[in-house]
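In: Would you be able to build a 3D model of this:
(chains A, B, C and D)
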There are 2 protein chains.
Amino acid sequence: MSPRKGLDMPTIVEAAAQIADASGVEEVTLASLAQKLGVRSPSLYNHVNGLGGLRVQLAIYGLKKLTAAVTDSLQDKTGDDAMHAIAAAYMAFARAHPGLYELTLRSPDDGDAEYAAASALLVDLLVQTLSYYDLDREKSIHIVRGFRSYLHGFASIEQKGGFGMPIAVDESIRLVLQTYLIGLRHS
Amino acid sequence: MSPRKGLDMPTIVEAAAQIADASGVEEVTLASLAQKLGVRSPSLYNHVNGLGGLRVQLAIYGLKKLTAAVTDSLQDKTGDDAMHAIAAAYMAFARAHPGLYELTLRSPDDGDAEYAAASALLVDLLVQTLSYYDLDREKSIHIVRGFRSYLHGFASIEQKGGFGMPIAVDESIRLVLQTYLIGLRHS
DNA sequence: ACTATAAACTAATACCATTAGTTTTTCAAG
DNA sequence: CTTGAAAAACTAATGGTATTAGTTTATAGT
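Out: Residues are numbered from 1 along each chain as shown, chains lettered A, B, ... in the order given. Sure thing, here's the model as predicted:
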């Protein structure tokens, strides 16, 4: 009706995230998003820099939400407890928000400062948690990379249906992390 | 010129893989592929079941090529040597064929038998290599999942430019795998 | 009350996948 | 050697997509 619908960035990004989680990443188009918002698709250009810009915003939004979920899971845990809590929270997020999670790891090389900042926040959280283990600076970086890779690998492969067998993935995650942490102590 | 260009599946899939690696996954369209092959895009439907079918073929092709590269790297190595060789070959493949690698992990739930078989072959290779460590059957499955996740996580994150810092990723891979294997021995 | 701006709109373009229907070449059977 | 059928190319058309240009309208601030 009225030419002012009161759209703003949060509304748009959240609607897009809902489409991504409910119907898959490739279903989030400017057309489907505009329809969901009761608007014509060119109107979205007043708020977002095309489909590419929308994806960047989704990546930032998802990364912040993921970091918040992981942070919440930590409470005052430290050491192995903290590591397992992070892994559980990370996987829970990826399962609850499959589309949004996928978009999170999608922003490429384009130097978006806000995305870089959000990404750094998550890495910082991991680095701080790992400080419990008294690693030297360089080794700490390697181990954090390994932890991130392991988390993303599990989340990504599970999402594509790559773990065919019915043996519980959660148990795999627990055991693999435990193995990694034992190795960390004996090195 | 002549209405018979002699196209066949291998030619088509290899051309598509070249586009994927050179220009990125989203650039492999029936339009760009047809142009590269000197053909009109509807002609491709005589060989491939649309864009979706092409992607399935690319996933199979990439998986086979990846498995072959990993197999070649093994020679007669066993134990830690074999594990490090696999990791190095896996990463080398992902770096040499970024687009094809990305497509490899993309075939979803649709029950394509050939894709499932190719995927099982790679997993078998990992299982066999891990048999060196004398794990019981269930634990072996968990550890293989962890290894795969770790490999895919590193490959995927590196490809998206996620490891900002200039510290060598190869060293991270080596150290993280070493840590994992130490943990395996002490558990 | 007026005006400038922001946010919506319509219209148009270009690209993409896909389907339908047509032509042409090749290959094999008579 | 001819002929006929099937395979592989083609053209034409449709519907969906992003994006740009130009227009209208509501709103917020003077």
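In: Could you use CA atoms for every contact and neighbour count after this?
Out: Fine.
In: Could you point out the longest helix of chain A?
Out: For chain A, the helix reaching the highest residue count under DSSP state H is reported as helix A:50-74.
In: in the helix or strand just after that one, what's buried?
Out: Following helix A:50-74 in sequence order, the next helix or strand is helix A:79-96 (DSSP states H and E). Within helix A:79-96, the residues that qualify as buried are A:80, A:82-95, counting by 16 or more other Cα atoms under 10 Å in any protein chain shown.
In: does chain B sit close to the helix or strand just after helix A:79-96?
Out: The helix or strand immediately downstream of helix A:79-96 is helix A:98-104, counting by DSSP H and E. No - under the criterion of Cα under 8 Å from any Cα of the partner chain, chain B is not reached by helix A:98-104; the shortest gap measures 10.7 Å.
In: Give me the contact list for helix A:98-104.
Out: Under the contact criterion Cα atoms under 8 Å, 6 or more residues apart in numbering or on different chains, helix A:98-104 has outside partners A:17, A:20-25, A:55, A:58-60, A:62-63, A:93-94, A:156, A:159.
In: Mind checking which of those are buried?
Out: Members of those that pass the buried threshold by neighbour count (16+ other Cα under 10 Å) are listed as A:17, A:20-21, A:25, A:55, A:58-60, A:62-63, A:93-94, A:156, A:159.
In: Could I get those in a markdown table, plus columns for pLDDT?
Out: Formatted as a markdown table, those follow (pLDDT from 0 to 100):
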| residue | pLDDT |
| --- | --- |
| A:A17 | 98 |
| A:A20 | 98 |
| A:D21 | 98 |
| A:V25 | 97 |
| A:R55 | 96 |
| A:L58 | 97 |
| A:A59 | 96 |
| A:I60 | 96 |
| A:G62 | 97 |
| A:L63 | 97 |
| A:F93 | 98 |
| A:A94 | 98 |
| A:S156 | 97 |
| A:Q159 | 93 |
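In: Mind exporting the C-alpha coordinates of the helix or strand encompassing A:S156 to CSV?
Out: Under the criterion DSSP H and E, the helix or strand holding A:S156 is helix A:137-159. Coordinates of the C-alpha atoms in helix A:137-159 are reproduced here as CSV (Å, rounded to 0.1, in the frame of the first residue of the first chain):
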residue,chain,number,x,y,z
ARG,A,137,52.6,-17.9,20.3
GLU,A,138,53.3,-19.6,17.0
LYS,A,139,52.2,-23.0,18.1
SER,A,140,49.1,-21.5,19.5
ILE,A,141,48.2,-20.2,16.0
HIS,A,142,48.7,-23.6,14.5
ILE,A,143,46.6,-25.3,17.1
VAL,A,144,43.8,-22.7,16.7
ARG,A,145,43.8,-23.3,13.0
GLY,A,146,43.5,-27.0,13.5
PHE,A,147,40.6,-26.5,15.9
ARG,A,148,38.8,-24.3,13.5
SER,A,149,39.4,-26.6,10.6
TYR,A,150,38.1,-29.6,12.6
LEU,A,151,35.0,-27.7,13.6
HIS,A,152,34.3,-26.5,10.1
GLY,A,153,35.1,-29.8,8.6
PHE,A,154,32.6,-31.6,10.8
ALA,A,155,29.9,-29.0,10.3
SER,A,156,30.4,-28.9,6.6
ILE,A,157,30.6,-32.6,5.9
GLU,A,158,27.6,-33.3,8.1
GLN,A,159,25.6,-30.7,6.3
